[in-house]
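[1] Structure for the following, please:
(2 chains)
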2 protein chains.
Amino acid sequence: MPCLVCGSSDTTYMNLHHTFFYPPQISSPGAGSLCSSCKDGSKKLMDFLQELDKNPEKPPLVTFRPKGLSSALCWLKVLKEKGDLSNERLGFLEEISFAFENRIHTDISLKPDDGPAIFAHKAVLASRSPIFKTILEADGCKAPPTEAISLPGISSQEFKSLLSFLYRGTLPDEEFRKHAHALLVASDKYDIPFLRKKCELQILGNLESSNVFEVLKLSQNCSSETLKKNALEAIVMHHEEILSSKEYVEFGHSNPDLVMEISWALSKKLSNTT
Amino acid sequence: MPCLVCGSSDTTYMNLHHTFFYPPQISSPGAGSLCSSCKDGSKKLMDFLQELDKNPEKPPLVTFRPKGLSSALCWLKVLKEKGDLSNERLGFLEEISFAFENRIHTDISLKPDDGPAIFAHKAVLASRSPIFKTILEADGCKAPPTEAISLPGISSQEFKSLLSFLYRGTLPDEEFRKHAHALLVASDKYDIPFLRKKCELQILGNLESSNVFEVLKLSQNCSSETLKKNALEAIVMHHEEILSSKEYVEFGHSNPDLVMEISWALSKKLSNTT
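    Okay, the predicted model is just below:
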């Protein structure tokens, strides 16, 4: 007998009401029933809707929402509409990157380690980073737009990505993956929490045995507790493979503090498992 | 018997599967069933999900989505997460309004009809409006930041709202309602489609008998087909009340073209109803 909602044929028909309140049972032929996907979905949907309803910023439309599955539809539509509106506004706001890419009314030039100076807008830099704000306030009156401020420790490509992020609040995936480590260092140096969070997510998404030591060192340089916690967890989880590698010996000689952290993490795991 | 999904007691239990494929029928006691809200909701949910699935920009997570109601949950979570990410990015991008509000590194001053000059950033104005871009390119080299560019036809308060919108892509509701007409004129004059759309929605949301002539005139001044169509529809719908008013006589004397448009709209309606 097909599912009451999606009409699919599923061998594990269950009477949903029974699974909520009584031990699960296979419904008898002829009784209405939901397939396992709809059954599981509707239970989790109702839980998720309860969570959404707790949000103090829920849109007014949802105050008078219908009950049951109709309310799921209502929320879906509200979230879809809000998303579309946000996207339009994002498109409008990121148009300022056009002024950066085409050097329109730029008033500051910045000199990375390699390559020529890059032209930008003081107002954008100052509003995104309190450190840039301070640098520009100090040098603002002195340096004319043609005289570049030096930015040591960052390459031309990395700095272009940093600026692109400051203007658009996002980066193409490939570019982000390539420069995530350098951008995390920059987010730390120039105090840009939104970029820091994005970099951490990007780096964690690509964490693996081959780069775990690099990530651990980075976490210490940038005081990122999130990265440190996750790198240590990965090391403990794959300790046999990772600690028997040549890289560990090299890493250990130059990072005694971090090796100590690894030993504490292993010790904690051992206590919890024995 | 309570609803299979939400557990509520509803007098109009229907077997959903039957309503999809056969004539509706009241399910017999003991058979699994859905309340009318869940029945209606699940049918519309499945239709809405099919629409969402057609979106070429759907997130990759949804490619491998489960079927039935579990897919609704999947979409709800995706939309919620995308919304949260967009909001964070919006917050980051609109921080540039801080530089406007605190006059940080402003490089242009603009003089409305009344009140003192207002300081802003050329890059922001030029990237939001091709008209501002042209004005600033022409005057850019000549006018020093202390010398104001005159902006006739807009008051100080309206211009502040316009600038605030250009920096943030949104305005507080109360402020938007107050200046929507002036901002629509500005969106037309400075060619800012996103602001134009927002103003039209704001004005249509407050369209009523008492302001319908004002909106009709505005629609002509700003070449807004959306506003004109809606204002004419409102006039036709409430023609007895609106065309017998004193305001209509005054309006008619000074706007013969629009009176002609009204007569055509009435004539069309008459043809369709007889």
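[2] can you pull the contacts of the closest residue to A:Ile96 other than its chain neighbours?
    For A:Ile96, ignoring the flanking residues on the chain, the nearest one in space by CB to CB, 6 or more residues apart in numbering or on different chains is B:Ser127 at 4.6 Å. In this view, the C-beta of every residue, glycine as well, is placed from N, C-alpha and C. Under the criterion of CB atoms under 8 Å, 6 or more residues apart in numbering or on different chains, the contact partners of B:Ser127 comprise A:Glu95, A:Ile96, A:Ser97, A:Phe98, A:Ala99, A:Ile104, B:Lys133.
[3] How many neighbouring residues does A:Gln220 have?
    When neighbours are defined as other CB atoms under 10 Å in any protein chain shown, A:Gln220 has 15 of them.
[4] helices or strands next to the host helix or strand of it in the packing?
    Secondary structure from DSSP states H and E places A:Gln220 in helix A:212-221. With contacts defined as 3 or more CB pairs under 8 Å, 6 or more residues apart in numbering or on different chains; DSSP states H and E, the secondary structure elements packing on helix A:212-221 are helix A:173-189, helix A:225-237, helix A:246-254, helix A:256-273.
[5] Now the longest one: buried residues?
    For helix A:256-273, the neighbour count (16 or more other CB atoms under 10 Å in any protein chain shown) marks A:Leu258, A:Val259, A:Glu261, A:Ile262, A:Ala265 as buried.
[6] hmm, back to that, and the helices and strands packed on helix A:212-221: which comes nearest chain B?
    When the helices and strands packed on helix A:212-221 are compared by CB to the nearest CB, helix A:173-189 sits nearest chain B, at 11.4 Å.
[7] and the angle from the closest one to helix A:212-221?
    Regarding helix A:173-189 and helix A:212-221, their directions subtend 40 degrees when assessed with axes from the mean of the first three to the mean of the last three CA atoms, to 10 degrees.
[8] Give me the contacts around helix A:173-189.
    Counting by CB under 8 Å, 6+ apart, the neighbours of helix A:173-189 from elsewhere in the structure are A:131, A:153-155, A:157-158, A:161-162, A:164-165, A:171, A:192-193, A:195-196, A:198-200, A:202-203, A:206, A:214, A:218, A:221-224.
[9] So which of these are in helices?
    Mapping those onto helices (DSSP state H) picks out A:131, A:157-158, A:161-162, A:164-165, A:193, A:195-196, A:198-200, A:202-203, A:214, A:218, A:221.
[10] Nearest the middle, which residue of chain A would you pick?
    A:Leu201 (3.9 Å; CA atoms, centre = their mean).
[11] Would you check how far apart that one and chain B are?
    When distance is defined by CB to the nearest CB, to the nearest Å, A:Leu201 is 10 Å away from chain B.
[12] quick one: contacts for that residue?
    Applying CB under 8 Å, 6+ apart to A:Leu201 gives no contacts.
[13] Shouldn't A:Ala123 be within a helix?
    Yes: under DSSP: H, G, I helix; E, B strand; the rest coil, A:Ala123 sits within a helix.
[14] so who does it touch?
    Contact criterion CB under 8 Å, 6+ apart gives B:Ile96, B:Ala99, B:Ile104, B:His105, B:Thr106, B:His121, B:Ala123, B:Val124 as the residues in contact with A:Ala123.
[15] Surely the first one and A:Glu94 touch.
    No: proximity of B:Ile96 to A:Glu94 does not meet the contact threshold set by CB atoms under 8 Å, at 10.9 Å.
[16] which one of those two has more residues nearby?
    More neighbours sit around B:Ile96 than around the other of B:Ile96 and A:Glu94, counting by other CB under 10 Å; the figures are 25 against 17.
[17] Need the mean per-residue confidence for the helix or strand A:Leu76 falls within.
    For A:Leu76, the host element (DSSP H and E) is helix A:68-93. For helix A:68-93, mean pLDDT rounds to 84.
[18] how about the helix or strand following that helix: buried residues?
    Proceeding N to C from helix A:68-93, the next assigned helix or strand is helix A:96-101, under DSSP H and E. Applying a neighbour-count criterion of 16+ other CB under 10 Å, the buried positions in helix A:96-101 are A:Ile96, A:Ser97, A:Ala99, A:Phe100.
[19] before we move on, the earlier item: any idea which of the buried residues of helix A:256-273 is closest to A:Glu250?
    Using CB to CB, A:Val259 is the member of these that lies nearest A:Glu250, at 11.5 Å.
[20] who touches the closest one in this structure?
    Neighbours of A:Val259 in contact, by CB under 8 Å, 6+ apart: A:Phe251, A:Gly252.
[21] Which pLDDT value goes with it?
    In this prediction, A:Val259 carries a pLDDT score of 96.
[22] picking that back up, now tabulate the contacts of A:Ala123 in CSV and tack on pLDDT.
    Compiled in CSV, the contacts of A:Ala123 are given as follows (pLDDT from 0 to 100):
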residue, pLDDT
B:Ile96, 94
B:Ala99, 94
B:Ile104, 92
B:His105, 92
B:Thr106, 92
B:His121, 95
B:Ala123, 94
B:Val124, 95
